[in-house]
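3D, please:
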Amino acid sequence: MPARDGEKRKPPTPAVNLIAGGGAGMMEALACHPLDTIKVRMQLSRRARQPGAPRRGFIKTGVELVKKETPLALYKGLGAVLTGIVPKMAIRFTSFEWYKQMLADKTTGDITGKGIFIAGLAAGVTEAVAVVTPMEVIKIRLQAQHHSMADPMDIPKYRNAAHALYTVVKEEGFGALYRGVSLTALRQGSNQAVNFTAYSYFKEWLKEWQPEYANAPLPSWQTTFIGLVSGAMGPLSNAPIDTIKTRLQKSPAQPGETAWSRIARIAKDMFKQEGVHAFYKGITPRIMRVAPGQAVTFTVYEFLKERLEKSNFAFVGGKYEE
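This next block holds a predicted model:
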């Protein structure tokens, strides 16, 4: 079924995507970051499940993290996320609209479901290479540190996002910031392909079911719901990729070892030492973070975009004008 939003209104300008996408991303990060920290800790755990031993779930992981390192530990790495979230979301939505225009029918403006999938895939790869990979390397280094943020004598290796960036580049070189870029691009690409495709179809179905919204924005609760459902689909499709990526980015590379040999070694060790379930460690908090995160992102983005477009907000001659 074609998505027909392109024929009803002009695509959002880069300025609108910068503000609406950045605002949406900041809200998503603030609301969901604790679950991301728990997910990373679960993925980095190397405990092999023994027969009859209870599995340490996301609730127990979170409780232990708070107990040992204070509630502030749930927000480790947030600085790195907030630094990159505005350009990340601006790139995601702007590139998605650009790819959509490239793939749309030049006469009618219609775009097929396949076109939306490809545009989402390309947008995810674009954001992964431009922003997400370096941001996640720093974030994961901070989240992986086991230290109490309430104890001034417990000084970690990486004090904050800026210090982590400086230390990683100094000790491992600039290339370390792009460790795992192929896996990150694969994860982000598949995430956004699934998210945008599902969201576009759900949105089109709701507009057909409710003719009064054919040329108007859907109610916020409907946008939230379809964002929640579409957001849960990505993590289910690429959980092993995300787990391997997290372990790859957590530690420095070994001399003479290529990226793909490290990926193969990590995957082999995980399977041999921890079993198949290791590839799905952290899937519960990841879905609990990504699904509501996408709900928040799409809801806030649609809301801000509509308000900005109604006020004729534009970027003209290097200046924001209203």
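
downstream neighbour of the lowest-mean-pLDDT helix or strand in the chain in the secondary structure list?
Counting by mean pLDDT, DSSP states H and E, the chain has its least confident helix or strand at helix 5-8, which shows a mean of 45. Sequence order places helix 14-44 as the next helix or strand after helix 5-8, per DSSP states H and E.

And the host helix or strand of residue 228, what's buried?
When elements are assigned from DSSP H and E, residue 228 belongs to helix 220-250. Neighbour counts over helix 220-250 (16 or more other Cβ atoms under 10 Å) mark 222-228, 230-235, 238-250 as buried. Heads up, the C-betas are built off the backbone N, CA and C, glycines and all.

Next, count neighbours for residue 17.
Neighbours of residue 17 under the rule other Cβ atoms under 10 Å: 26.

Thought residue 93 was touching it, still the case?
Yes. Using Cβ atoms under 8 Å, residue 17 makes contact with residue 93 at a distance of 4.3 Å.

can you give me the helices for the stretch 1-150 of the chain?
5-8, 14-44, 58-69, 78-103, 113-127, 133-143 (DSSP state H, counting those that start in this stretch).

Could you say which of those helices is packed most deeply?
Greatest average neighbour count among those goes to helix 133-143 (a mean of 26), per mean count of other Cβ atoms under 10 Å.

State the mean pLDDT of that one.
Summarised as a single mean, pLDDT over helix 133-143 is 91.

helices or strands next to it in the packing?
helix 14-44, helix 78-103, helix 161-172, helix 181-209, helix 220-250 (3 or more Cβ pairs under 8 Å, 6 or more residues apart in numbering; DSSP states H and E).

Count residues in the vicinity of the nearest residue to residue 158 once chain neighbours are set aside, would you?
Nearest non-adjacent residue to residue 158, counting by Cβ to Cβ, 6 or more residues apart in numbering: residue 164, 3.7 Å away. As a burial measure, residue 164 scores 23 neighbours (other Cβ under 10 Å).

Ok, residue 214 next?
Applying other Cβ under 10 Å, we find 10 other residues in the vicinity of residue 214.

so what's it up against?
Taking Cβ atoms under 8 Å, 6 or more residues apart in numbering, we find residue 214 in contact with 207, 208.

Now do it, the pLDDT please.
What the model reports for residue 214 is a pLDDT of 84.

How about residue 265?
Predicted confidence (pLDDT) for residue 265: 90.

ok, and the closest non-adjacent residue to it?
Residue 265 sits nearest to residue 257 (Cβ to Cβ, 6+ apart), 7.7 Å away.

The one you found: neighbour count?
Number of residues near residue 257 (other Cβ under 10 Å) recorded here: 10.

now do residue 211
Residues near residue 211, counting by other Cβ under 10 Å: 8.

repeat for residue 159
Per other Cβ under 10 Å, the neighbour tally for residue 159 reads 13.

What distance do you get for it to residue 79?
10 Å (Cβ to Cβ, to the nearest Å).

Check residue 43 too.
Using Cβ to Cβ, we find residue 43 at a distance of 21 Å from residue 79.

before we move on, back to that, ok now whatever helix or strand comes next after the helix holding residue 228, how far from the chain's centre?
Using DSSP H and E, the next helix or strand after helix 220-250 towards the C-terminus is helix 259-274. In terms of Cα atoms, centre = their mean, to the nearest Å, the centre of helix 259-274 is found 24 Å from the chain centre.

Residues contacting stretch 92-108, please?
Against stretch 92-108 from outside (Cβ under 8 Å, 6+ apart): 6-7, 11-12, 14, 17-18, 20-21, 110-111, 115-116, 118-120, 122-124, 126-127, 192, 196, 301.

check contacts around residue 46.
Counting by Cβ under 8 Å, 6+ apart, residue 46 makes contact with 273, 274.

pLDDT score for it?
73.

do residue 277 as well
With respect to pLDDT, residue 277 scores 87.

Next: the one 5 residues further on.
According to the predicted model, the pLDDT of residue 282 comes to 84.

thinking it is in contact with residue 36, fair?
No. Contact criterion Cβ under 8 Å: residue 282 and residue 36 do not qualify, at 9.2 Å.
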